[in-house]
Structure formats: C-alpha cells, structure tokens
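>>> predicted model follows, preceded by the sequence.
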Amino acid sequence: MVITGTDFRTNQSHYIGAAYRGEDVVVKARAGSFRVVPVRNNATPKRNRDIKAELQGAFRQVKEHIDGKGQLTTAEELLDELRRINN
C-alpha cells in the first residue's frame, strides 16, 4: 500500500502493524518514497565501517604472515565473519 506522510503520522501504529505482518507499506513524502520494514532480532543500526582502518589491519596481517609472525585467516573463517556481520 502507498500512503502519504500525513496519513502515516496520523495512523502510525496501523501501518507499523501492517509492515510487521509482512504487508508492503510505502510512505510518499516531499523528500521521496520510503518503505516501512520491520527490523528483526533486536537488530541495531549498523555502524559506519572504517574501510581504511580495516584495509590497514589486513595489510598488517599479511606483512606479519610474510615475516613468519602470524597465521592468515582461512577463506572459511572469512566467510563465517561475513555471515556474522550481516546477521
């Protein structure tokens, strides 16, 4: 269902309940259209990642491995980490 921002504000609990039940709820406003989607598993907004710091850490791990000072992460361990981050 597509509703106006005014209608959403007036009947917020109705539309949140509809979204929770799996119905598509789209709010059209001057700023654009927005989908109302429930967040499951008490998820919190994801933090902004510091890609530069993550890459620096990865390069440091490779250098340590080359110098014989550390073990690199296996592909399976990396996949497990990605699954954990995305859940």
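Received the coordinates, thanks.

>>> now the strands for the protein?
Counting by DSSP state E, the chain forms strands over residues 2-4, 25-29, 32-36, given from the N-terminal end onward.

>>> just give the nearest non-adjacent residue to residue 81, would you?
Excluding the flanking residues, the one nearest residue 81 by Cβ to Cβ, 6 or more residues apart in numbering is residue 73, at 7.8 Å. C-betas here are computed from N, CA, C, even on glycine.

>>> and for residue 37?
Of all residues not flanking residue 37 in the chain, residue 19 sits nearest, at 6.3 Å (Cβ to Cβ, 6+ apart).

>>> how close does the closest residue to residue 29 other than its chain neighbours sit to residue 21?
Using Cβ to Cβ, 6+ apart and skipping the chain neighbours, the partner closest in space to residue 29 is residue 5 (3.9 Å). In this structure, residue 5 lies at 21 Å from residue 21, with Cβ to Cβ, to the nearest Å as the measure.

>>> okay, the two: which has more neighbours?
When neighbours are counted by other Cβ atoms under 10 Å, residue 5 comes out ahead of the other of residue 5 and residue 21, with 13 against 9.

>>> any idea how far residue 60 is from the more buried one?
Distance of residue 5 to residue 60, computed by Cβ to Cβ: 48 Å.

>>> just residue 50 next, same as before
Taking Cβ to Cβ as the measure, residue 50 and residue 60 are separated by 14 Å.

>>> then residue 38?
Computed with Cβ to Cβ, the distance linking residue 38 and residue 60 is 40 Å.

>>> got the confidence number for residue 43?
Here the pLDDT value assigned to residue 43 is 65.

>>> what of the one 5 residues further on?
The predicted structure scores residue 48 at 77 on the pLDDT scale.

>>> what count of nearby residues applies to it?
6.

>>> ditto for the one 10 residues further on
Neighbour count of residue 58, defined by other Cβ under 10 Å: 12.
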